[in-house]
Structure formats: structure tokens, C-alpha cells
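**Q** Output the structure for:
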Amino acid sequence: MSKHKNYERNVFINCPFDDKYFDLLQTLIFTICYYNFTPRISLENSDSGQSRLEKIITLIKESKYSVHDLSRLQSKSSEEYYRLNMPFELGIDYGLRRFNSDYSDKKSLILEKEKFDYMKAISDINGFDIKNHLDIPVKLVECVRAWFSETVKLTNLNGSDKVYSDFIDFNTELFQVKMVKYQAEHNTTQSERFAKKEIEEITIPEYIIEIEEWKSRKLTKK
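**A** Purely as a prediction, here's the structure:
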């Protein structure tokens, strides 16, 4: 069976999409791109003619690697349910790897916030190597870097502090570029507000393109 042409470089991301997680999601996407892999996430495609589950299954099949963040499983109030999308998608990924020999080479990283939090909701994965990021972006980079080294077997990797420093530089430069663009095009004193608004509305595909363009300008010169 032929796999997706970028199967060996694709990393499926299974995570929450709420506003509180957004900083972690941007950090995760940047780190994956930084190490020359391609993030794949259901937000990359808004085709209304395809169900979300179909999109997820396609992305999982097209990706040798996957990152599953279970840090938002717990309900926050008596009227809120456990958030089960993330463990469900983990189950699809694990089932494909376990029961289809064509995908037995798949590798996964499972994340949580606090150590052993997952045991309160999904104890069946007890014994898996699960890393905790404490909801701290630089700690998330540390988890992903360790996984790329230990499991994906990458070598000569920049440390997590360096990666996170570059992430901050990238976001700073992105804002400056957007602001200068508005100043040049509209000659307005509101360029800062326009730039912030544009960055707030940036889609995942656009964000990945911005990262890759930044990499081509900065990292290839080193």
C-alpha cells in the first residue's frame, strides 16, 4: 500500500482548540516546524463537505508521527463533561498502528499537564511513556525535543531554551513585519492595532507558512 508522499515527515496534532490552549498550540507547531517536520491538524482544512472525523482519520493515516495532548480531559465545573475528543483520536491512532501492519512503524508522543493526571480519566494507557508540560510553553518544547531525540532518533538538536528563544524572536518579527506593512500601505497611526488583529485571525496554514519563511531567512544563514 502506498502511503502519503510526506508520511515520513508529517506529525498529526491532537489537542484542544480553546483559547487558553492557543499559546501552547502555537509553541507546538513552531517546534515541529523548527525540527523540519510538518504539523498536520484538522484546523488546516475547513471543507464543509467532509466530516471532522473523516479529516482526522485521513490526517492520522498520512502521518507517521503524532502528538496527543490529554491535558484538558478534566471537566472544570459540575455542569461540564469530560473532554473525550483527544482520547478518542488517540484510540484511532493507536488502533491503526496496532491492527494494521502497514502502519506498525507509527510513533506517538502523549502529553499531559501534571504527572499521572491521565490516570483519573483513561487508566488503560498506564505504562505508556507520557510527558507532562505543566501548561508552560518552554516545558512543552522540552517534552517535544526529548521525544524527537529519544523516539524519532534525531541528533544534534538545539536545546529547548534556544528553540523557545527563537520562537519568541519569530513572533516578535512577525508582528513587526505586519505593522510595517500596514504603515507602508495605509500610512496610518493604527498600524499596531491592525497588525495585532491580523495575527489574531491568522489561520494554521498561514502560521506554518510564516514559520517556514522565517526559517529560510534566519536558520539557513547559521
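
**Q** and the least confident helix or strand in the chain by mean pLDDT, which residues are buried?
**A** Considering only helices and strands, the least confidently modelled element of the chain by mean pLDDT, DSSP states H and E is helix 191-200, at a mean of 76. For helix 191-200, burial by neighbour count (16 or more other C-beta atoms under 10 Å) applies to Ser191, Phe194, Ala195, Glu198, Ile199. In this view, the C-beta of every residue, glycine as well, is placed from N, C-alpha and C.

**Q** which residues of this protein fall in strands?
**A** Applying DSSP state E to the chain gives strands spanning 10-14, 38-40, 65-69, 107-112, 130-132.

**Q** As TSV, the ones you listed with distance to Glu206 would be great.
**A** Shown next, in TSV, are the strands of the chain (distance: least, C-beta to C-beta, whole Å):
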stretch	distance to Glu206
strand 10-14	16
strand 38-40	13
strand 65-69	21
strand 107-112	25
strand 130-132	29
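
**Q** wait, which of the ones you listed is closest to Trp214?
**A** Closest to Trp214 of these is strand 38-40 (C-beta to C-beta; 14.8 Å).

**Q** And the closest one, what does it pack against?
**A** The elements that strand 38-40 packs onto, with contact taken as 3 or more C-beta pairs under 8 Å, 6 or more residues apart in numbering; DSSP states H and E, are strand 10-14, helix 22-34, helix 204-218.

**Q** Please identify the deepest-packed of the ones you listed.
**A** Of all the helices and strands packed on strand 38-40, strand 10-14 has the most neighbours on average by mean count of other C-beta atoms under 10 Å, namely a mean of 24.

**Q** and it, which strands flank it?
**A** Using DSSP bridges, strand 10-14 pairs in its sheet with strand 38-40 (parallel), strand 65-69 (parallel).

**Q** Give me the angle between that strand and strand 107-112.
**A** 30 degrees (axes from the mean of the first three to the mean of the last three C-alpha atoms, to 10 degrees).

**Q** Outside of strand 10-14 itself, list whatever touches it.
**A** When contacts are defined by C-beta atoms under 8 Å, 6 or more residues apart in numbering, strand 10-14 is touched by residues 4, 25, 28-29, 32, 37-41, 56, 59-60, 62-69, 86, 89-90, 93.
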